[in-house]
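Engineer: would you be able to build a 3D model of this:
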Amino acid sequence: PALALTDVCNLYGLVKFYKAAQGKGVKPIFGADLWVAEGDENYLVTVLAMNEKGYFNLIHVISQGFIEGQQLGKPIIQRAWLEAANEGLIVLLGKHSHIGALLLGSDSSLAIPALNHWLSVFPDRLYLELQRTSRADDEAFVHAAVDLATRCDCPVVATNDVRFLAPSEFEAHEVRVCISQGYVLGDPKRPRDYSPEQYLKTPEQMQELFSDIPEAIENTIEIAK
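Structural biologist: Numbers count the residues shown, from 1 in each chain. Sure thing, here's the model as predicted:
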């Protein structure tokens with residue numbers, strides 16, 4: 001019934017997305033993937049607007065990143081800014097978040113106090129984001145995140161980090177990535193950041209993929225609500 005679309009540190013496609021979704025009878029969910037500073041490192045956090053207040057708060061935080069937080073041309077969000085403007089926002093923390101780095105790092109016990117802090121700022125509006133796209137550490141993060149979620153009473157949600165519509169479009173996507181990163185497609189040393197699994201799967205495919213964690217699928221409906 002609904003579809004969320006996020007740009008990186010911006011809302012570039014929001015108007016086109018809104019009009020297209022409304023035209024097809026699909027509920028559009030607005031959001032952005034933000035680079036959030038944690039100490040000396042920056043991590044990806046997905047933020048969705050759940051109401052008008054959240055929408056304006058998200059615009060404010062993104063603008064703050066461009067005006068005050070630019071690092072080498074990239075807008076970086078201080079976590080304090082996001083916490084101060086938390087009203088009306090839903091947060092998803094996945095493998096590329098600070099929590100993900102802690103879970104996959106040498107001392108995963110640090111993830112418990114870190115997640116509890118996020119939960120205190122975003123009560124009932126924070127999810128650990130699970131993905132199974134056949135990329136490195138996907139499954140390790142899923143198992144660690146589910147265990148952490150149980151310990152901290154935090155819900156989980158399944159997403160697919162979609163980058164193209166159909167599996168046949170993967171090679172064209174890789175060409176675009178190579179152009180952006182300055183690599184030749186056949187270079188064996190180039191980064192392999194994406195997989196053929198990052199296409200727009202059907203609800204049935206996602207249900208099968210997470211059949212062992214049904215609540216991760218059910219919570220996509222809760223977020224849509």
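Engineer: switch to C-alpha atoms for all contacts and neighbour counts from now on
Structural biologist: Fine.
Engineer: ok, now which ones touch the nearest residue to residue 81 once chain neighbours are set aside?
Structural biologist: Spatially, and ignoring its direct neighbours in sequence, residue 81 is nearest to residue 61 (6.5 Å; C-alpha to C-alpha, 6 or more residues apart in numbering). Under the criterion of C-alpha atoms under 8 Å, 6 or more residues apart in numbering, the contact list for residue 61 reads 77, 81, 82, 85.
Engineer: pick the one among these closest to residue 110.
Structural biologist: Minimum distance to residue 110 across the contacts of residue 61 is 21.2 Å, recorded for residue 82 (C-alpha to C-alpha).
Engineer: need the helix or strand of the protein with the lowest average pLDDT.
Structural biologist: Within the chain, no helix or strand scores below strand 70-71, which has a mean of 92 by mean pLDDT, DSSP states H and E.
Engineer: beyond that one, next helix or strand please.
Structural biologist: strand 74-75 (DSSP states H and E).
Engineer: can you give the distance from that following strand to the centre of its chain?
Structural biologist: 17 Å (C-alpha atoms, centre = their mean, to the nearest Å).
Engineer: neighbouring strands for it, and are they parallel or not?
Structural biologist: strand 70-71 (antiparallel) (DSSP bridges).
Engineer: the residue nearest to residue 81: which element?
Structural biologist: Counting by DSSP H and E, residue 61 is found in helix 52-68.
Engineer: and that helix, C-alpha only, in CSV?
Structural biologist: Extracted C-alpha coordinates of helix 52-68, given in CSV (Å, rounded to 0.1, in the frame of the first residue of the first chain):
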residue,chain,number,x,y,z
GLU,A,52,4.2,17.4,8.7
LYS,A,53,6.3,18.3,11.7
GLY,A,54,8.7,15.5,10.9
TYR,A,55,8.9,16.7,7.3
PHE,A,56,9.9,20.2,8.3
ASN,A,57,12.3,18.9,10.9
LEU,A,58,14.0,16.7,8.2
ILE,A,59,14.3,19.7,5.9
HIS,A,60,15.8,21.7,8.8
VAL,A,61,18.4,19.0,9.6
ILE,A,62,19.4,18.6,5.9
SER,A,63,19.8,22.3,5.5
GLN,A,64,21.9,22.5,8.7
GLY,A,65,24.2,19.8,7.2
PHE,A,66,24.7,21.9,4.0
ILE,A,67,25.1,25.2,5.8
GLU,A,68,27.2,24.2,8.9
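Engineer: which SS class is the residue of the chain most remote from its centre?
Structural biologist: Among the C-alpha atoms of the chain, the one most distant from their mean position (C-alpha atoms, centre = their mean) is that of residue 186, at 29.0 Å. Under DSSP: H, G, I helix; E, B strand; the rest coil, residue 186 falls in the coil class.
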